[in-house]
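any chance you can model this:
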Amino acid sequence: MDCNEFNEMDIYDIFGLEDIKKSPDILGKIKLDVSPKILVQPRFQSQPEDLQKLKEIAGYMFYVEGECSPPALMLLKIGKTDITSTIAKIDEIPDALVREAISSPVNPPVHGMYEITDDIKEWLRKELGI
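Below you'll find the model as predicted:
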């Protein structure tokens, strides 16, 4: 899939960096410490400890999508019921930071999703003021 296709999909309301900056409800729920590995860990919603973990990760998680060309920085919404949806594609990030996340991954990718690096986290903190 070409990552630019996200910009053309009518079924998704894909945001960009400026949209996120203007959305305090998103900014306040960004979880830079949540990774694809944490996201896909098995949880049983009938278990109190799993419900607590889900509450902790619910919000917004950045990841690098490696299954498209070119790779892209994306923002995923994680719902309180474990439902997720990609809501943003960040075109403004330097390509070198995205490529570093794939060439020197923090952890192995999960379904083509790469964890963001410390350099990407720093860039996001600066750009989003978080």
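
element containing Ile87, please.
strand 84-90 (DSSP states H and E).

now Leu54
helix 48-57.

okay, angle between the first helix or strand past that helix going along the chain and strand 84-90 too, please.
On the C-terminal side of helix 48-57, the closest following helix or strand by DSSP H and E is strand 59-65. Angle between the axes of strand 59-65 and strand 84-90 is 60 degrees (criterion: axes from the mean of the first three to the mean of the last three Cα atoms, to 10 degrees).

now for strand 59-65, which elements pack on it?
helix 36-39, strand 72-78, strand 84-90, helix 95-103, strand 113-114, helix 118-128 (3 or more Cβ pairs under 8 Å, 6 or more residues apart in numbering; DSSP states H and E). Using the backbone N, CA and C atoms, a C-beta is placed for each residue, glycine as well.

using CSV, write out every CA atom in the helix or strand bottoming out on mean pLDDT in the chain.
Least confident helix or strand of the chain, by mean pLDDT, DSSP states H and E, is helix 48-57 with a mean of 75. Only the C-alpha atoms of helix 48-57 are listed here, as CSV (Å, rounded to 0.1, in the frame of the first residue of the first chain):
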residue,chain,number,x,y,z
PRO,A,48,-9.4,-7.0,36.5
GLU,A,49,-5.6,-6.6,35.8
ASP,A,50,-6.3,-6.7,32.0
LEU,A,51,-9.0,-4.1,32.3
GLN,A,52,-6.6,-1.9,34.2
LYS,A,53,-3.9,-2.4,31.6
LEU,A,54,-6.3,-1.4,28.9
LYS,A,55,-7.2,1.7,30.8
GLU,A,56,-3.5,2.6,31.0
ILE,A,57,-2.9,2.2,27.2
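
now that helix against strand 72-78, angle please.
Using the same axes, to 10 degrees: helix 48-57 against strand 72-78 is 130 degrees.

now helix 48-57: buried residues?
54, 57 (16 or more other Cβ atoms under 10 Å).

for Glu56, which of the helices and strands packed on strand 59-65 is the nearest?
helix 36-39 (9.2 Å; Cβ to Cβ).

and that closest one, what's buried?
By neighbour count on 16+ other Cβ under 10 Å, the buried set for helix 36-39 is 36, 38-39.
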